[in-house]
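# Take a look and give me a structure for this.
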Amino acid sequence: MDNLSEKIRAIVQRAENECPYYRDLYSRAGIDINSFSGLNDVAQLPIVTPIDLSANARLFKSEKVVVYRVTSSSGTVQSPKTLFRTAKDTETSVEVMCRLFSLAGLDAGDCLWIGQPFDLAHLGYISLEACKKLGILAIPGGLSVTDQRMIDLLSFFQPNAIFTSPSRMCQITQHYLNSGGKPLQIAKILLAGEPCSAAQRCQIRDFWQTDPHNLYGSEETDGLAGSCSEHRGLHFMDDLYYLELVEPGTDKRVPDGHAGEAVITSLYFEGTPLIRYRLGDIIKPISGQCPCGRRWSRIKVIGRSTQTFFLYDGIKLYSHQIRSALTTVYPELEAYQAVLRRGRDGADEIEIVTAAIVGVSQGMLDNIEEALWSSSLDLAAAKDIGKLRFRITPNGEMLMTQRGKTPELIDLRDNSGTELRRNNLPNSERESLANSAIQI
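Predicted coordinates:
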């Protein structure tokens with residue numbers, strides 16, 4: 001505990017001395033850094049948010065270290081979350097990936113397909129470096145390859161391990177199911193980038209005869225946790241990150257053992273220190289030691305504290321992006337609802353149902369769709385792949401829960417959850433809605 005307290009004290013004092021954002025933030029909050037003791041005082045520090053980071057990336061950057069690259073979330077085109085990395089930052093990030101790969105059973109001699117982002121993102125590169133350190137043959141597939149190209153490359157290289165998103169793994173699995181074959185001997189499957197539903201896990205496990213491993217993190221933090229062979233929660237890297245759980249949208253800590261919104265402090269970032277950073281995920285701690293014997297604490301990731309669609313290949317679409325696209329074209333819009341379905345060809349189909357729009361035209365609908373495609377870098381890149389479609393339904397009837405609520409985002413790809421109703425639906429659609437999985 002004393003070591004943790006000292007790490008927190010050191011990172012906070014360094015941030016105040018080196019980063020204009022923290023210097024101003026703590027000054028306005030009346031924080032005396034010279035008397036800051038570490039763990040006992042950490043709750044006095046203001047929480048920072050992704051919006052703060054997006055708007056002030058250069059002010060978060062340390063003035064006294066040498067950075068060698070920037071990394072960025074897919075984010076919105078106007079305001080991605082950008083971080084500045086030192087060589088030491090990345091060395092530690094690679095070490096975390098080595099830990100997570102080892103937890104998942106990867107070892108020297110394995111051959112791993114890396115279906116994760118490269119470009120401005122960090123995950124692909126640190127995964128590649130982790131493979132080099134562990135003696136794993138890496139195939140850096142990235143995100144831009146089509147399903148058919150990925151299948152061709154998998155057939156050529158014959159890897160025994162795949163690291164991709166749940167949705168992409170299910171797409172590839174479905175291809176082999178449809179073709180009636182399984183030419184690859186995939187022994188190890190690692191999933192990251194989006195939550196993995198029970199239905200997705202079952203499909204992957206049943207077909208490939210191996211239980212997939214979940215890796216958890218974010219572009220801002222890199223890897224945070226991962227599952228071991230016991231699959232009893234995720235081992236959280238608590239020697240490198242300090243985790244607090246608060247009531248969503250507040251700075252009030254939840255009682256011990258209860259689920260709460262994750263607030264993360266990185267104990268090693270130099271280029272862009274992250275101190276009490278609101279991650280936006282709901283996490284529940286798991287008590288006791290894992291049977292595997294590892295000492296790291298364990299967590300379960302419940303979901304997002306804000307409404308989010310997790311689309312094909314790990315692409316994220318947030319409710320605020322949809323609203324922004326709609327109001328850019330129609331500023332007076334009062335309400336909307338986005339309903340996500342799985343098309344017959346496996347593509348994600350998003351129907352945007354709006355409240356009354358006066359004088360709607362096809363040109364207006366086209367402009368809304370174009371604004372949606374342009375709302376994030378990942379969406380813009382995915383436009384031509386054909387695995388995602390938008391449909392705008394103006395003046396439509398929205399779905400409601402039995403409690404009379406009209407959620408903005410509804411995911412109908414899994415058949416379990418909360419009952420909804422729309423009076424004019426056919427019976428087949430109403431039955432599907434009655435079993436739809438949403439969070440209210």
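# With residue 283 as the reference, measure out to residue 411.
Separation of residue 411 from residue 283 (CB to CB, to the nearest Å) stands at 21 Å. Placement of C-beta: from N, CA and C, glycine included.
# Ignore what I typed, I meant residue 350.
27 Å.
# The two: which is more packed in?
Between residue 350 and residue 283, counted using other CB atoms under 10 Å, residue 283 has the larger neighbour count: 26 against 20.
# For the closest residue to residue 183 other than its chain neighbours, give me the pLDDT.
Once flanking residues are discounted, residue 183 sits nearest to residue 155: 6.2 Å by CB to CB, 6 or more residues apart in numbering. Residue 155 carries a pLDDT value of 92.
# The one 10 residues further on now?
Predicted confidence (pLDDT) for residue 165: 89.
# Show me how far stretch 327-347 is from its chain's centre.
Chain-centre distance of stretch 327-347: 21 Å, with CA atoms, centre = their mean, to the nearest Å.
# Okay, buried residues for that stretch please.
328, 329, 330, 333, 336, 337, 338, 339, 340, 341, 346, 347 (16 or more other CB atoms under 10 Å).
# which SSE is the most far-flung residue of the chain relative to its centre in?
In the chain, residue 359 marks the outermost C-alpha relative to the chain mean, sitting 38.1 Å out by CA atoms, centre = their mean. For residue 359, there is no helix or strand it lies in under DSSP states H and E.
# Contacts only, for residue 6.
Residue 6 makes contacts with residue 38, as judged by CB atoms under 8 Å, 6 or more residues apart in numbering.
# What's the first helix or strand after the helix or strand it falls within?
Element membership of residue 6, judged by DSSP H and E, is helix 2-18. Taking DSSP H and E as the definition, the helix or strand that follows helix 2-18 towards the C-terminus is helix 20-28.
# Kindly provide the distance from the spatially closest residue to residue 26 that is not a sequence neighbour to residue 8.
Leaving aside its sequence neighbours, residue 26 sits nearest to residue 16 (CB to CB, 6+ apart; 5.4 Å). For residue 16, the distance to residue 8 equals 13 Å [CB to CB].
# same thing with residue 222?
Distance, residue 222 to residue 8, using CB to CB: 19 Å.
# before we move on, back to that, how many other residues sit next to the residue nearest to residue 26?
If we define neighbours as other CB under 10 Å, then residue 16 has 21 of them.
# Show the contacting residues for it.
By CB under 8 Å, 6+ apart, the contact set of residue 16 is 22, 23, 26, 31, 33.
# Just the CA coordinates for stretch 18-26, please, in CSV.
Provided in CSV are the C-alpha atoms of stretch 18-26 (Å, rounded to 0.1, in the frame of the first residue of the first chain):
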residue,chain,number,x,y,z
GLU,A,18,5.0,19.5,-16.0
CYS,A,19,1.5,19.7,-17.5
PRO,A,20,-0.3,23.0,-17.9
TYR,A,21,-3.7,21.3,-17.7
TYR,A,22,-3.1,19.7,-14.3
ARG,A,23,-1.3,22.8,-13.0
ASP,A,24,-4.4,25.0,-13.8
LEU,A,25,-6.9,22.3,-12.7
TYR,A,26,-5.3,21.8,-9.3
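# could you give me the average pLDDT of that stretch?
Regarding stretch 18-26, the rounded mean pLDDT is 97.
# Might you report the residue contacts of residue 140?
With CB under 8 Å, 6+ apart, residue 140 has these contacts: 114, 118, 124, 128.
# Any chance of those residues in JSON lines with distance to residue 251 as columns?
As requested, these are exported to JSON lines (distance: CB to CB, whole Å):
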{"residue": "114", "distance to residue 251": "37"}
{"residue": "118", "distance to residue 251": "36"}
{"residue": "124", "distance to residue 251": "34"}
{"residue": "128", "distance to residue 251": "38"}
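# just checking, which of these belong to strands?
residue 114 (DSSP state E).
# Just name the lowest-scoring one in the contacts of residue 140, pLDDT-wise.
Among those, pLDDT bottoms out at residue 118, giving 89.
# how about the helices in this structure?
2-18, 20-28, 50-55, 57-60, 87-103, 123-134, 147-157, 166-179, 198-208, 319-329, 362-373, 377-382, 427-434 (DSSP state H).
# Kindly reformat these as a markdown table containing distance to residue 231.
Listed next are the helices of the chain as a markdown table, based on distance: least, CB to CB, whole Å:
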| stretch | distance to residue 231 |
| --- | --- |
| helix 2-18 | 28 |
| helix 20-28 | 39 |
| helix 50-55 | 30 |
| helix 57-60 | 36 |
| helix 87-103 | 11 |
| helix 123-134 | 21 |
| helix 147-157 | 24 |
| helix 166-179 | 15 |
| helix 198-208 | 10 |
| helix 319-329 | 31 |
| helix 362-373 | 37 |
| helix 377-382 | 29 |
| helix 427-434 | 30 |
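# out of those helices, which comes closest to residue 392?
In terms of CB to CB, the element of the helices of the chain nearest to residue 392 is helix 362-373, at 4.6 Å.
# By neighbour count, which bits of that closest one are buried? Give me those.
Quick answer for helix 362-373 (16+ other CB under 10 Å): 365, 367, 368, 369, 371, 372.
# got the angle for that helix vs helix 319-329?
150 degrees (axes from the mean of the first three to the mean of the last three CA atoms, to 10 degrees).
# on that earlier part again, closest to residue 149 out of the contacts of residue 16?
residue 22 (44.6 Å).
# Give the full set of residues in contact with the closest residue to the closest one other than its chain neighbours.
Excluding the flanking residues, the one nearest residue 22 by CB to CB, 6+ apart is residue 15, at 4.1 Å. Residue 15 is in contact with 22, 62, 273, 275, counting by CB under 8 Å, 6+ apart.
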